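S.K.: Quick one: sequence and predicted model below, then my questions.
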Amino acid sequence: MPLHLLSQILLVEDSPDDAFFLQNALEESRLGNHLHLVRDGAQALAFLRRDPPFELAPRPNLVILDLNLPKIPGLEVLKAMQADGDLRRIPVVVLTTSSAEEDLLTSFQYQAAAFITKPRDLDDYENVVHRIELFWLQLTA
C-alpha cells in the first residue's frame, strides 16, 4: 500500500502536550490523513472493537500507542489486539517515555511493529513522525 493511501491512524495518548505535538507533526507529514485520538486504553479498545460510543469508527491502518495509559495500560491493549484475529493485523508503533528493556521486549512479544522512545525536546516530534513514515514505507514496500 503506498504511503499516500494510509488514511486512518489511531493515536492513543493521554498526555495533552504529547498528543498536541504529535497531531501537529502528523498533519505536516504524509501520514496525517485522518487522525483519531483516544486518551486511555479502555477507549482504544472500544474504538478498535467499535464498541459504544465508537460504533461508526473506521478501522485504523496504523495505531500509535503510548504504554503509560490510564484505565488499561498500553501493553494490555497490545496484548488484547494480538489475541483478536482482526485487530492483530493492524500495525502498532509503540511510542513511549519508557526506555526499559522489559517494555521493549514485551512490546515485541505482543507483536508491536516498532518501539520508539518519545523525544525529550518538543521540536523532535517531527523526527519521530519521520521515523514512523520510514517504518511505514518499509512495511508497505
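M.R.: Structure received. Numbering: from 1, shown residues only.
S.K.: Which residue, other than its chain neighbours, is closest to the residue lying farthest from the centre of the chain?
M.R.: Residue farthest from the centre of the chain, counting by Cα atoms, centre = their mean, is residue 52 at 20.4 Å. Leaving aside its chain neighbours, residue 52 sits nearest to residue 46 (7.2 Å; criterion: Cβ to Cβ, 6 or more residues apart in numbering). Just so you know, the C-beta spots here come from the backbone N, C-alpha and C atoms, and that holds for glycine as well.
S.K.: And residue 131, by the same measure?
M.R.: Nearest residue to residue 131, sequence neighbours excluded (Cβ to Cβ, 6+ apart): residue 116, at 6.1 Å.
S.K.: Can you give me the neighbour number for residue 84?
M.R.: Under the neighbour criterion other Cβ atoms under 10 Å, residue 84 is assigned a count of 14.
S.K.: List the contacts of it.
M.R.: The contact partners of residue 84, by Cβ atoms under 8 Å, 6 or more residues apart in numbering, come to 48-49.
S.K.: What values do phi and psi take at the residue nearest to residue 131?
M.R.: phi -130, psi 130 (degrees, to the nearest 10).
S.K.: what does residue 48 give?
M.R.: Torsion angles, degrees, to the nearest 10, at residue 48: phi -60, psi -40.
S.K.: next one: the one 3 residues further on
M.R.: Geometry field for residue 51 lists phi and psi as phi -80, psi 160, criterion degrees, to the nearest 10.
S.K.: Can you give me the buried ones in stretch 84-91?
M.R.: 87, 90-91 (16 or more other Cβ atoms under 10 Å).
S.K.: quick revisit: would you mind measuring from the residue farthest from the centre of the chain to residue 43?
M.R.: 11 Å (Cβ to Cβ, to the nearest Å).
S.K.: Now do stretch 61-76: distance from first to last residue.
M.R.: Distance across stretch 61-76, first residue to last, is 20 Å (Cα to Cα, to the nearest Å).
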